[in-house]
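**Student:** I'll drop the sequence and a predicted model, then ask my questions.
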Amino acid sequence: MSSILRLFTGLPGAILVTSVIFLLLATVIQQRQDVVLSDDQAVQINVLRQLEDRVDQRAEDFQRPVLDQPPPPPPMVSDPSFRPSMDVAMGALPDFSATDVDIGTGFNPDRDAQPLVRIPPQYPSQCQRTARELETVVVEFDVTPEGSVINARVLDSTNACFNRAAMRAVERWRYAPRIIDGQAQPRFGVRTAIDFGMEE
């Protein structure tokens with residue numbers, strides 16, 4: 001219904017605008033003046049025109065473009081092996097004989113237990129129904145002189161459903177043992193946080 005209404009209201013307007021434009025163009029055409037070119041103003045357009053050599057042309061009229069100067073050659077190297085100069089200026093060495101200073105060896109063999117193998121825990125499927133997007137279990141354990149994990153225990157957990165999976169993963173970890181005075185020693189109270197995230 002609205003399209004028929006627009007047709008009846010828009011059609012007379014379109015006819016009126018078209019008539020005004022037609023009358024305006026007819027007036028312009030009737031008032032046009034003929035433009036007459038005189039003979040001296042005649043224009044010749046020749047698309048096949050060719051350049052002709054003139055007798056009065058000189059060689060100096062044709063200049064070659066000036067090119068940039070080439071870069072200078074690389075410097076000459078006197079040593080064919082391209083080795084840098086090994087001349088070293090040696091200064092006087094300080095005399096430590098008058099002082100009793102123990103500067104040590106610079107090597108300390110002692111170290112704390114360091115992880116070698118950390119197998120990530122498996123996400124327990126039975127916990128998926130009650131789990132949040134990220135769950136964390138804080139575990140504490142001891143490391144034997146052989147690098148095995150013992151006495152694993154849960155200190156804190158955001159969801160107790162994940163405690164067993166975290167404990168089973170930690171018990172399979174292996175460590176480089178703690179070294180004191182060159183001897184492997186047990187390391188007590190190692191703490192770590194294990195995160196369980198929802199797989200997308």
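**Tutor:** Nice, I can see it. Nothing here was measured: the structure is a model prediction, and the numbers come from that model.

**Student:** and the residue nearest to Gln126 when sequence neighbours are not counted, which of the three is it?
**Tutor:** Leaving out its chain neighbours, the residue that sits closest to Gln126 by CB to CB, 6 or more residues apart in numbering is Cys161, at 7.0 Å. C-beta coordinates here come from the backbone N, C-alpha and C atoms, glycine included. Of the three states, Cys161 takes helix according to DSSP: H, G, I helix; E, B strand; the rest coil.

**Student:** mind checking how far the closest residue to Gln114 other than its chain neighbours is from Thr136?
**Tutor:** Leaving aside its sequence neighbours, Gln114 sits nearest to Ala176 (CB to CB, 6+ apart; 4.5 Å). According to CB to CB, to the nearest Å, Ala176 stands 26 Å off from Thr136.

**Student:** for Ile150, what are its contacts?
**Tutor:** Phe141, Asp142, Val143, Thr144 (CB atoms under 8 Å, 6 or more residues apart in numbering).

**Student:** cutoff 10 Å now
**Tutor:** Taking CB atoms under 10 Å, 6 or more residues apart in numbering, we find Ile150 in contact with Phe141, Asp142, Val143, Thr144, Glu171, Pro186.

**Student:** Report the two of those separated the most.
**Tutor:** Greatest spatial distance among the contacts of Ile150 (CB to CB): Glu171 and Pro186, at 16.1 Å.

**Student:** which SSE is Thr192 in?
**Tutor:** strand 187-197 (DSSP states H and E).

**Student:** So what's the model's average confidence on that strand?
**Tutor:** In this model, strand 187-197 carries a mean pLDDT of 89.

**Student:** Would you give the sheet partners of it, along with the direction of each?
**Tutor:** Its sheet considered, strand 187-197 pairs with strand 134-143 (antiparallel) by DSSP bridges.

**Student:** Same question for the partner strand: list its buried residues.
**Tutor:** Residues of strand 134-143 classed as buried: Glu135, Thr136, Val137, Val139, Glu140, Phe141, Asp142, Val143 (neighbour count, 16 or more other CB atoms under 10 Å).

**Student:** TSV please, covering the residues you listed and showing pLDDT and distance to Val28.
**Tutor:** What follows is the buried residues of strand 134-143, written out as TSV (pLDDT from 0 to 100; distance: CB to CB, whole Å):
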residue	pLDDT	distance to Val28
Glu135	89	85
Thr136	91	86
Val137	92	91
Val139	93	95
Glu140	94	99
Phe141	92	100
Asp142	93	104
Val143	91	102
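
**Student:** Quick check: Glu171 touching Asp142?
**Tutor:** No. Between Glu171 and Asp142 there is no contact under CB atoms under 10 Å: 11.6 Å.
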